[in-house]
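Peer 1: with the input below, show me the fold.
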Amino acid sequence: MSRARGWLYALAAVLTVSPDSMLLHFMLLYSPCSAVWETIPLILFLKYSVMGFIQVGYSVVQAGSPAILLSQVKQSWRALLLPSIFMLICQLGLTTCFMTTTAANAIMLFNLQPVWALGMGRYFLGDTAQPHTLVAMAVALSAVFLAFAPLAMSGEVEAEMPAAEGAIPRTRFGDVVALLVGVSLASYLVAYRASSMSDPEAPLSIAPALGSLGASLVAAPAAIAILVSKGEEGGIGLSSTFVLATLVDAILEAYYDIAMGLASEDITSAEVAMMMLLEIPLGPLFCYWAFREVPATSTIIGCLVLFCTLVAHGVIELRIEMHAAAKLEDGSKDGASKSGDSELQLRDIMSSRGGVALSKRASGAQRVQSTVESTMV
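Peer 2: Sure thing, here's the model as predicted:
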C-alpha cells in the first residue's frame, strides 16, 4: 500500500502543478494592468506571499514548533543562504518566462536543468556521470536546439493556428529567461546538496519558503506602487477571476512541493523523477485547451524528443536502483559480513550517481534534490 500511496501522491502533485502556466495566462488576461511588465510584479507579490506562508507553515509543522524552526535557521543560516537565493531567482524567472513565451517553450527550456546540474555537480562537487546519462544529455541539448533554432534565426515564430484571447506568443526574451531559470534551478540543486553535506542538521526544507517570500519582497515596491496608482485613478480593479487564479495557483504549487516530498518517502527518486516528466506534455495541453495556444512544429518535435529521452533515462535509472536494492537484499541473506559488503556496494553505486540516496525525504526541497539528481546522474 505504501508504494501505491507514493505513486498517488506523485500523480496528484504533477496534476496540480501542470495548470500553472494556464492559470498565469488567466492572471495576465484579467489583470488590472494593461502592460505585461506591470502585471508581473503584481502576480509575484500576491502569489508568492501566499505560497511562502503556506510553505513556512508546513516547515513549522515538520520542525515541531516555530521556536525550534527559528533556532535551526539561526544556527544554520550560512547553509540556507545560497539555496534560498537561487530559489528566489527561480521564482522570479518562472513567472516572467510563462508571461513572455509559450508554455511549451518555457517548460521545455527550464527542464534542461539536469544538463547544467551535471556540469556544476562535476565541477563543484566532483560528481561523475554514467555513459547513458551523457548520451541523454547530448540528445536533450539537440532537442532544445531543434526547437530554439528557428526563433534564434528569425526572431519570431508564428503560431500555426489562430490563438484565443489570452494566448502568449513565443519570444526570444521569454525563451532566454526560461533557459536561465533552468541554470538557476541547477545552481539551487548543487547549493542545496553542498549545504546538506556541510551542515546535515540544517533545516533546508525552509529554503523554498524563503525563496518564495524573498520573491514577494523583491516585487513588493513595484506592486504596491501599481496598486496605489490604480487606486488614484479610480479604483484598483482587481477582478475576482484574477484573485481566484492567483490564490489557486499559489495553493497548488505549495501542495506540489509537499506532495512530492511525501511521494519520495514511499517510492524511489527515479520513479518520482519519471512522474515529474508528465508536466512537459500536460502544461502546454492545459494552455491549448484554454487559449488555443499552439507552439511551432519545431517546438512540438523538440518536446517529444526531450520527453522520450528523459523517460528512457529514467527507466534505466530505475533499473539500476532496483538492481542495487536486489543485490543488497541478496547480500543480507548470506550473513552479516556479506551484507556489509553489499551495503557498501550499494552506497558506491548511489554515490557515483550524485548521492541521491536519502534515508528520509519528507520535504518539498528534499524532493527536488533527490528527483532531479536521479535524472541528472
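Peer 1: the longest helix seen in the chain: how far from the chain's middle?
Peer 2: Criterion DSSP state H: the longest helix present in the chain is helix 297-333. With C-alpha atoms, centre = their mean, to the nearest Å as the basis, helix 297-333 stands 19 Å off its chain's centre.
Peer 1: distance of Thr246 relative to Leu46?
Peer 2: According to C-beta to C-beta, to the nearest Å, Thr246 and Leu46 sit 5 Å apart. (Glycine included, C-beta is placed from N, CA and C.)
Peer 1: revised request: answer the last question for Ala106.
Peer 2: Taking C-beta to C-beta as the measure, Ala106 falls 20 Å from Leu46.
Peer 1: those two - which one has more neighbours?
Peer 2: Using other C-beta atoms under 10 Å, the more surrounded residue of Ala106 and Leu46 is Ala106, with 31 against 22.
Peer 1: ok, which stretches of the stretch 51-200 of the chain are helices?
Peer 2: Per DSSP state H, counting those that start in this stretch, the stretch 51-200 of the chain carries helices over the ranges 66-75, 77-100, 103-110, 113-120, 131-154, 172-198.
Peer 1: now render those helices as CSV, adding mean pLDDT.
Peer 2: Formatted as CSV, these follow (pLDDT from 0 to 100):
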stretch, mean pLDDT
helix 66-75, 93
helix 77-100, 93
helix 103-110, 84
helix 113-120, 77
helix 131-154, 71
helix 172-198, 87
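Peer 1: quick one: closest of these to Phe242.
Peer 2: For the helices of the stretch 51-200 of the chain, proximity to Phe242 was assessed by C-beta to C-beta; helix 77-100 is nearest, at 13.6 Å.
Peer 1: give me the neighbour count for Ser31.
Peer 2: 24.
Peer 1: swap in Glu321?
Peer 2: Counted with other C-beta under 10 Å, the neighbours of Glu321 add up to 21.
Peer 1: measure it to Ala225 for me?
Peer 2: Distance of Glu321 to Ala225, given as C-beta to C-beta: 51 Å.
Peer 1: low-confidence regions, the stretch 201-350 of the chain specifically.
Peer 2: 232-237, 264, 268-274, 331-350 (pLDDT under 70).
Peer 1: output the helices of the stretch 51-200 of the chain in TSV; the columns should cover distance to Leu328.
Peer 2: Output for these, formatted as TSV (distance: least, C-beta to C-beta, whole Å):
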stretch	distance to Leu328
helix 66-75	32
helix 77-100	30
helix 103-110	35
helix 113-120	26
helix 131-154	22
helix 172-198	23
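Peer 1: of those helices, which is nearest Tyr255?
Peer 2: helix 77-100 (16.1 Å).
Peer 1: quick one, phi psi at Val294?
Peer 2: Reported as degrees, to the nearest 10, the phi and psi values for Val294 are phi -110, psi 120.
Peer 1: that one contacts Leu285, doesn't it?
Peer 2: No: with contact defined as C-beta atoms under 8 Å, Val294 does not reach Leu285; the gap is 11.1 Å.
Peer 1: just want to know which of those two has more residues nearby.
Peer 2: Comparing Val294 with Leu285 by other C-beta under 10 Å, the one with more neighbours is Val294, at 19 against 14.
Peer 1: quick one on the thing from earlier: just name the most buried of the helices of the stretch 51-200 of the chain.
Peer 2: Stretch with highest mean neighbour count among the helices of the stretch 51-200 of the chain: helix 103-110 (a mean of 27; mean count of other C-beta atoms under 10 Å).
Peer 1: mind listing residues that contact that helix?
Peer 2: Helix 103-110 is contacted from outside by 21-22, 25, 93-94, 97-98, 143-144, 147-148, 168, 170, 174-175, 178-179, 181-182, 185, 279-280, 283-284, 286-287, 293, 295, 299-300, 302-303, 306, using C-beta atoms under 8 Å, 6 or more residues apart in numbering.
Peer 1: one more time with 6 Å
Peer 2: 21, 97-98, 170, 175, 178-179, 181-182, 280, 283-284, 287, 295, 299, 303, 306 (C-beta atoms under 6 Å, 6 or more residues apart in numbering).
Peer 1: likewise stretch 79-92?
Peer 2: 48, 181, 184-185, 187-188, 191-192, 195, 199, 202, 207-208, 210-212, 214-215.
Peer 1: try 8 Å this time
Peer 2: For stretch 79-92, the external contacting residues (C-beta under 8 Å, 6+ apart) are 44, 48, 73, 181, 184-185, 187-188, 191-192, 194-196, 198-199, 202-204, 206-208, 210-212, 214-215, 218-219, 365.
Peer 1: can I get that stretch in PDB, CA atoms only?
Peer 2: Only the C-alpha atoms of stretch 79-92 are listed here, as PDB (Å, rounded to 0.1, in the frame of the first residue of the first chain):
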ATOM      1  CA  ALA A  79      23.900  26.700   4.800                       C
ATOM      2  CA  LEU A  80      20.500  28.200   3.900                       C
ATOM      3  CA  LEU A  81      21.800  31.400   2.200                       C
ATOM      4  CA  LEU A  82      22.700  30.200  -1.300                       C
ATOM      5  CA  PRO A  83      19.800  27.700  -1.800                       C
ATOM      6  CA  SER A  84      17.400  30.400  -0.700                       C
ATOM      7  CA  ILE A  85      18.900  33.000  -3.100                       C
ATOM      8  CA  PHE A  86      18.900  30.600  -6.100                       C
ATOM      9  CA  MET A  87      15.300  29.600  -5.300                       C
ATOM     10  CA  LEU A  88      14.300  33.300  -5.200                       C
ATOM     11  CA  ILE A  89      15.800  33.800  -8.700                       C
ATOM     12  CA  CYS A  90      13.900  30.700  -9.900                       C
ATOM     13  CA  GLN A  91      10.600  32.000  -8.600                       C
ATOM     14  CA  LEU A  92      11.100  35.400 -10.300                       C
END
